[in-house]
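S.K.: can't give you the sequence, but here's the structure:
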Ligand SMILES: *Cc1c(COP(=O)(O)O)cnc(C)c1O
């Protein structure tokens, strides 16, 4: 049995062979603790960490000293938001975010609300875009932190980060962005975007799972969330995961090298997939922005078809999802789609396509073909479609 075509690159990506090769020595011969620099074992590990730190800083236009390693973007979001809020408590208690952030951001904001912080959750328009004017209007003298993601994991919307950053910079407010989906897929530059804190995850850019980083602009105060041996300039204690960090560094280096060719290639594949789908299947709607969108992302409503039923019908051909990995399997439709104003039943009829390095034109054509057949078969047994069908 051939394995289904993987089109779920927003959930995770495979480790590239070059990345795996960069990790292997640090499991065995070069197993040192990067903090034990009294001997060659520790020094080898410390050198590998610093090399990776340079590659990751390079990908986002930062200085190596501004990179803090964490266990992933979830932890980076927690450190940025909780750490930033706690450090800024003397100045105020107000935080601004938006309705379609990843749960790592939304749940952290909710937890802070329970501690007494006030959170404004901005709406997005029907394409999933935050209005920088809304950010400006929500700011008041007690505002200490704005957190708006760079790219959405379900609909691929690229938010106007540079415009929001100009506002927060002028007002002297800390600005965090979750760039787990954006980094490696579209150009990301911390200075051009005016961000102070930026979350990264290795496994979204062909690196290993369980490793990430937080960019922390020089002089930004953060309260550490994990205390102990004082690693990472006291911002995140714990023995560094050397093999994972070496892999993350290699993945960042490759992402930077390949982005100029890979982004337009994925965009063309994504557009081909949308043409194939919209030409062959009626009653389809594109969710999210037509432009300002992650190159490999497509999110489509197939009206009068259950998303889960469609996934089942396609499971031998393609590995897809109905929305974020965290939300799939739940009964409620995607909160991201509902925030765009997509009605509940249509949110249940939507699929997310996440194209990546391994995907080809042949994959796109095969998946579109199978989709057309599956949608038409499922609609013949849908009483709602029979009623609504234009005759
Ligand atoms: C995947 C993802 C996360 C979580 O990253 P982990 O490294 O898996 O913890 C956070 N935010 C966004 C936007 C993501 O896509």
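M.R.: Structure received. All values reported here derive from a predicted model rather than from experimental measurement.

S.K.: mind checking the end-to-end distance for stretch 185-204?
M.R.: 9 Å (C-alpha to C-alpha, to the nearest Å).

S.K.: do stretch 124-135 as well
M.R.: First-to-last residue span, stretch 124-135, C-alpha to C-alpha: 11 Å.

S.K.: Which phi and psi values does the residue in the stretch 51-200 of the chain positioned nearest to the ligand adopt?
M.R.: Nearest residue of the stretch 51-200 of the chain to the ligand (C-beta to the nearest ligand atom) works out as residue 72 at 2.7 Å. In short, each C-beta sits where N, CA and C put it, glycine included. Torsion angles at residue 72 (phi, psi; degrees, to the nearest 10) stand at phi 150, psi 180.

S.K.: Leaving out the residues flanking it, which one is nearest to it?
M.R.: residue 212 (4.0 Å; C-beta to C-beta, 6 or more residues apart in numbering).

S.K.: before we move on, the earlier item: who touches the residue of the stretch 51-200 of the chain closest to the ligand in this structure?
M.R.: Contact partners of residue 72, counting by C-beta atoms under 8 Å, 6 or more residues apart in numbering, are 201, 202, 203, 209, 210, 211, 212.

S.K.: same thing with residue 144?
M.R.: 84, 85, 88, 89, 91, 92, 93, 94, 95, 173, 174.

S.K.: and it, that one's in a helix?
M.R.: No - counting by DSSP: H, G, I helix; E, B strand; the rest coil, one finds residue 144 to be strand, located in no helix.

S.K.: Look up the pLDDT of it for me, please.
M.R.: Looking at residue 144, its pLDDT stands at 98.

S.K.: same check, this time on the one 10 residues further on
M.R.: On the pLDDT scale, residue 154 is placed at 97.

S.K.: Now it: closest residue in space, sequence neighbours ignored.
M.R.: residue 336 is the one closest to residue 154 (C-beta to C-beta, 6+ apart), at 4.4 Å.

S.K.: Can I take it that the one you found is in a helix?
M.R.: Yes - assessed with three-state DSSP, residue 336 lies in a helix.

S.K.: I'd assumed residue 323 was in contact with it.
M.R.: Yes - counting by C-beta atoms under 8 Å, residue 323 is a contact partner of residue 336 at 6.8 Å.

S.K.: okay, and the common contacts of the two?
M.R.: What both residue 336 and residue 323 touch, as defined by C-beta under 8 Å, 6+ apart, is the set residue 154.

S.K.: Compare the two (neighbour count), which wins?
M.R.: residue 336 (28 against 25; other C-beta atoms under 10 Å).

S.K.: what about the residue positioned nearest the centre of the chain, which SS state?
M.R.: Taking C-alpha atoms, centre = their mean as the criterion, residue 181 is the residue nearest the geometric centre of the chain, at 2.9 Å. Of the three states, residue 181 takes coil according to three-state DSSP.
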